[in-house]
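J.: could you work out the structure for the sequence below:
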Amino acid sequence: MDYMETQRTKLNYIFYLQTKESVDSSFIQLSEILNKLNISLLPILPEELKTLDRATKNHVIFMRNDLTSGQLFIQLKKTFFDLALLSGKVHLYDISSFSEIDSSQKYIGKNVYRYIPLPTNLKQMAMTIAVDYFQDRNAEVEWPGGRRAKLPSMNTQN
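T.: As a prediction, the model looks like this:
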């Protein structure tokens, strides 16, 4: 294992989408718990979503716990999340006191959407996020075409 591979395995981060100018208390508490699990929680503004690296799958936490964040989520879903989730470039953790999104079944099948209802225990929520994150990071990529067909051998011995 060379130096770049070891560095890549140590960088574990999840984006936390801010709905206000300042970070809220749930971000600070969630960040402390995830830091113990070797995951950094990085705050990001909605305008910065389009500048994310498209070559890698990014994990984003969106907490919808009031009406303004709920309306912002609906707007971002139309402009960014629908396409990003369908293409598999974003894994969204939807932590919400509202119901899950309408088209959640097609996203759950692709393993790019996780709905966590509020109220919930913050430590349990962090463990769920961490397990999903590490399972996604360590998943083996399989060729979608299956196995190659084997031709019969030309050497026939009688």
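J.: and G70, how many neighbours?
T.: Using other C-beta atoms under 10 Å, G70 is surrounded by 15 other residues. No exception for glycine: its C-beta is placed from N, CA and C like everyone else's.
J.: also D136?
T.: Other residues within reach of D136, judged by other C-beta under 10 Å, total 14.
J.: show me what the lengthiest helix in the chain is packed up against.
T.: The longest helix of the chain (DSSP state H) is helix 122-137. Under the contact criterion of 3 or more C-beta pairs under 8 Å, 6 or more residues apart in numbering; DSSP states H and E, helix 122-137 touches helix 25-36, strand 58-64, strand 90-96, strand 113-117.
J.: any chance of JSON lines for the ones you listed, columns mean neighbour count, mean pLDDT and distance to T128?
T.: Shown next, in JSON lines, are the helices and strands packed on helix 122-137 (neighbours: other C-beta atoms under 10 Å; pLDDT from 0 to 100; distance: least, C-beta to C-beta, whole Å):
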{"stretch": "helix 25-36", "mean neighbour count": "15", "mean pLDDT": "88", "distance to T128": "11"}
{"stretch": "strand 58-64", "mean neighbour count": "21", "mean pLDDT": "89", "distance to T128": "11"}
{"stretch": "strand 90-96", "mean neighbour count": "22", "mean pLDDT": "88", "distance to T128": "8"}
{"stretch": "strand 113-117", "mean neighbour count": "18", "mean pLDDT": "87", "distance to T128": "6"}
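J.: of those, which approaches N155 most closely?
T.: strand 90-96 (49.7 Å; C-beta to C-beta).
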